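J.: Test case, fold it:
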Amino acid sequence: EQFLKRLSGVPLLLTEDNYLRTFSSEDPKFLTRHHHLLPECKEMFVHKSIRTHIFSDSESIEASVFKQFDIRSFADNLHQTLPKTYFRVTSNEYRKWNPNQEEIPNHDWILKVWNFLSENVNDVLKKSEKQKQEAAQASKEIPNEWSKGEVEVKLSKEEKISKTRGALKPLNNWCILPCTFRSLKSETRSLESSGTHAEHFLVPLKRAESALNLISGALYLGSLVEVLRILSLPEVNYQVLTDSTYNTDMDLWNTASRLSGSLATPASLLRCFEHKLTVNPRSLEGKLTSDESKTVLKYFSERVASLQTNEKNLLKRLPFYETRDERLVSIDKLGVCVVPTLVPDHGMHSLQNQAGMVFLKGPQELSALFQFLGLEAVTVTDIYCKVILRYFHVIPAPGRFRHLEFLRHFIQRTSIKPEDESGKQKLLDCLKDTAILPGKDGGLKTASLFYDDHNEVFKIMLPEDKFLPEEFKTPEWRDFLKSIEIGRAHV
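T.: Sure, this is the predicted structure:
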């Protein structure tokens, strides 16, 4: 003890730069085995030889001539080792890098950094757990006998995440979290190594949640993970956090995982999508099939209770919503309605363009998400009266016939419920006032402008173009057209 107290002023301090200096309480040096993290600051560290042979005991660090090397110390001096291009103040951009490069940061350095950070974070967690147990004991939330070690009070998962992020806050602006973007080659959709190309980046810790931990997610959401990799979303590169013998330090793994995005939390995946769209607003377009897009939306639909109101617009920006004309689109800029499945798809693309709307398919497994987003699920009556019949003229002729055929069956169905009668009448009124039947001149006319060719007088006196087209002269069509008052204009 006296030896440590008398060190100040002794000119026998060997530092990592191999210079002999004077022990000083006014200029204490770092006593740590992590001197290799700041190779440009060797003069700040006690040399390994005297640290291991003379000052290896736990009391030495308490001497006034030494100081602890913690996360704050590392952050304060990191600028002397890492180029400023790895520092982000106002930007959230990732920094592209090569793990195999010779200069720092490389694989070896990043691994050592995370070993150091993990040790420090674990110390914080142990201290917090001890404080929590002491507080619980003081408030008598646990019996006295528990304090003997029989039962421990543990930090919750959320507390561990909060404490980890708090401990690493001094490094928030530094790009030190390794991640990859996996991109599939155009000729294959295989996720085997031969079919992928990985780009390496370092993520600023303040944006760590935008990089996903997909290895844990693959254990229970395998199909979703495959889809996310097709989208080339950033994922934490745990291979870089593994040594050359492929040994994995679970403490190190857990520290990185508490910072990164997790599929256990929908908000994490949304942050990841947000980053992707910020870098390139069209980066998610044209990459997924209909079923793959549905896999992503189904994930959010099943977790809708965890979604926040302020996340609605970001969800709508995702280009994964399937329209009735089988396109995948985003829905943040146009009016949207979910069209009943039984309504024919014919002419939907033209109708959407004319109406300035998006008509979505409404699979049952996405109903919770659609309701959360406030997407209007319209009735057959409303979609026809408000949109389809209003813009009937833009639908190609074969499509118009299919829609009229559907309406004929829909209106004449015998299983109609009493409460649907008003909707049926509304639909009939719309049909009466809409030009739906083709005339000889190529234009559309209302049913009331045509004559009934069963009337012998009309048949003798009027030309052929005054009667219904041939395809509408069958008994079933005649009965239907009578309900919308064929020939009404001539009564």
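
J.: For the lengthiest helix in the chain, buried residues please.
T.: Secondary structure assigned by DSSP state H gives helix 107-138 as the longest helix of the chain. Under the neighbour-count criterion of 16 or more other C-beta atoms under 10 Å, helix 107-138 has 107, 109-111, 113-122, 124-125, 128-129, 132-133 buried. The way it works is simple: take the backbone N, C-alpha and C, and place the C-beta from them, glycine included.

J.: What ranges in the stretch 151-300 of the chain fall below the confidence cut-off?
T.: Applying pLDDT under 70 to the stretch 151-300 of the chain flags the ranges 151, 183-196, 244-249.

J.: And the helices in it?
T.: Residue ranges of the helices in the stretch 151-300 of the chain, as given by DSSP state H, counting those that start in this stretch, are 157-167, 214-217, 222-230, 250-259, 266-279, 290-301.

J.: Turn the ones you listed into CSV, including mean neighbour count.
T.: Below are the helices of the stretch 151-300 of the chain laid out as CSV (neighbours: other C-beta atoms under 10 Å):
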stretch, mean neighbour count
helix 157-167, 16
helix 214-217, 18
helix 222-230, 18
helix 250-259, 19
helix 266-279, 19
helix 290-301, 18
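
J.: so can I have a markdown table of these showing distance to residue 390?
T.: Formatted as a markdown table, the helices of the stretch 151-300 of the chain follow (distance: least, C-beta to C-beta, whole Å):
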| stretch | distance to residue 390 |
| --- | --- |
| helix 157-167 | 52 |
| helix 214-217 | 46 |
| helix 222-230 | 38 |
| helix 250-259 | 53 |
| helix 266-279 | 34 |
| helix 290-301 | 28 |
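
J.: ok, now which ones touch the spatially closest residue to residue 254 that is not a sequence neighbour?
T.: In this structure, residue 254 finds its nearest non-sequential neighbour in residue 118, 7.8 Å apart by C-beta to C-beta, 6 or more residues apart in numbering. Residues near residue 118 by C-beta atoms under 8 Å, 6 or more residues apart in numbering: 249, 251, 252, 254, 255.

J.: With residue 157 as the reference, measure out to residue 118.
T.: Using C-beta to C-beta, to the nearest Å, residue 118 is found at 17 Å from residue 157.

J.: can you check residue 202 too?
T.: 26 Å.

J.: swap in residue 471?
T.: In this view, residue 471 and residue 157 are 66 Å apart by C-beta to C-beta.

J.: go on, residue 263?
T.: Residue 263 is 14 Å from residue 157, by C-beta to C-beta.

J.: And residue 318, by the same measure?
T.: 27 Å.

J.: Then residue 14?
T.: Distance from residue 14 to residue 157, by C-beta to C-beta: 45 Å.

J.: what's the pLDDT at the residue nearest to residue 254?
T.: Note on residue 118: pLDDT of 95.

J.: Could you do the one 5 residues further on as well?
T.: What the model reports as pLDDT for residue 123 is 94.

J.: can you check the one 3 residues further on too?
T.: Each residue has a pLDDT score; the one for residue 126 is 94.

J.: Also residue 416?
T.: 58.

J.: swap in the one 4 residues further on?
T.: Turning to residue 420, the model gives it a pLDDT of 69.

J.: same check, this time on the one 10 residues further on
T.: The predicted structure scores residue 430 at 93 on the pLDDT scale.

J.: okay, now it: neighbour count?
T.: For residue 430, the count of nearby residues is 19 (other C-beta atoms under 10 Å).

J.: For the stretch 301-450 of the chain, which residues score under the pLDDT cut-off?
T.: Low-confidence segments of the stretch 301-450 of the chain (pLDDT under 70): 414-420.

J.: So which residues of it form helices?
T.: 312-317, 348-355, 367-372, 380-383, 397-412, 421-432.

J.: Among the ones you listed, which comes closest to residue 478?
T.: Residue 478 sits nearest to helix 397-412 of all the helices of the stretch 301-450 of the chain, at 10.8 Å, using C-beta to C-beta.

J.: contacts for that closest one?
T.: The contact list for helix 397-412, computed with C-beta under 8 Å, 6+ apart, reads 342-344, 346-347, 380, 384, 388, 392, 395, 424, 427-428, 431, 436, 438, 471, 476-477, 479-480, 483.

J.: Return the members of the residues you listed classed as buried.
T.: Neighbour-count burial (16+ other C-beta under 10 Å) is assigned, among these, to 343-344, 346-347, 380, 384, 388, 392, 395, 424, 427-428, 431, 436, 438, 477, 480.

J.: List the residues that contact residue 161.
T.: For residue 161, the contacting residues are residue 258, by C-beta under 8 Å, 6+ apart.

J.: try residue 257
T.: Residues near residue 257 by C-beta under 8 Å, 6+ apart: 213, 216, 236.

J.: who does the last one bridge with?
T.: On the basis of DSSP bridges, residue 236 takes part in beta bridges with residue 179.

J.: Next one: it from residue 92, what distance?
T.: Counting by C-beta to C-beta, the gap from residue 236 to residue 92 is 17 Å.

J.: Of those two, which one has the most company?
T.: More crowded of residue 236 and residue 92, by other C-beta under 10 Å: residue 236, with 25 against 15.

J.: Was I right to think the more buried one contacts residue 209?
T.: No: counting by C-beta atoms under 8 Å, residue 236 stays clear of residue 209, with 10.6 Å between them.

J.: quick one: common contacting residues for the two?
T.: Common neighbours of residue 236 and residue 209 are listed as residue 260 (criterion: C-beta under 8 Å, 6+ apart).

J.: got the contact list for the nearest residue to residue 221 once chain neighbours are set aside?
T.: Leaving aside its chain neighbours, residue 221 sits nearest to residue 263 (5.4 Å; criterion: C-beta to C-beta, 6+ apart). Shown in contact with residue 263 (C-beta under 8 Å, 6+ apart): 212, 213, 214, 216, 217, 221, 224, 225, 269, 299.

J.: ok, now with 10 Å
T.: Counting by C-beta atoms under 10 Å, 6 or more residues apart in numbering, residue 263 makes contact with 212-214, 216-221, 224-225, 228, 269, 272, 299, 303.

J.: Next, it: phi, psi?
T.: Backbone torsions for residue 263, taken as degrees, to the nearest 10, come to phi -70, psi -10.

J.: Please tell me how far residue 233 sits from residue 26.
T.: Residue 233 is 51 Å from residue 26, by C-beta to C-beta.

J.: if you count what's nearby, which of these two comes out ahead?
T.: The residue with more neighbours, out of residue 233 and residue 26, is residue 233; 25 against 7, by other C-beta under 10 Å.

J.: Can I get stretch 474-482 as PDB, trimmed to CA atoms?
T.: Only the C-alpha atoms of stretch 474-482 are listed here, as PDB (Å, rounded to 0.1, in the frame of the first residue of the first chain):
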ATOM      1  CA  THR A 474     -81.000 -13.600 -73.900                       C
ATOM      2  CA  PRO A 475     -83.800 -14.100 -71.300                       C
ATOM      3  CA  GLU A 476     -81.500 -13.800 -68.300                       C
ATOM      4  CA  TRP A 477     -80.200 -10.500 -69.600                       C
ATOM      5  CA  ARG A 478     -83.600  -9.200 -70.600                       C
ATOM      6  CA  ASP A 479     -85.000  -9.800 -67.000                       C
ATOM      7  CA  PHE A 480     -82.000  -8.000 -65.500                       C
ATOM      8  CA  LEU A 481     -82.200  -5.000 -67.900                       C
ATOM      9  CA  LYS A 482     -85.900  -4.700 -67.200                       C
END
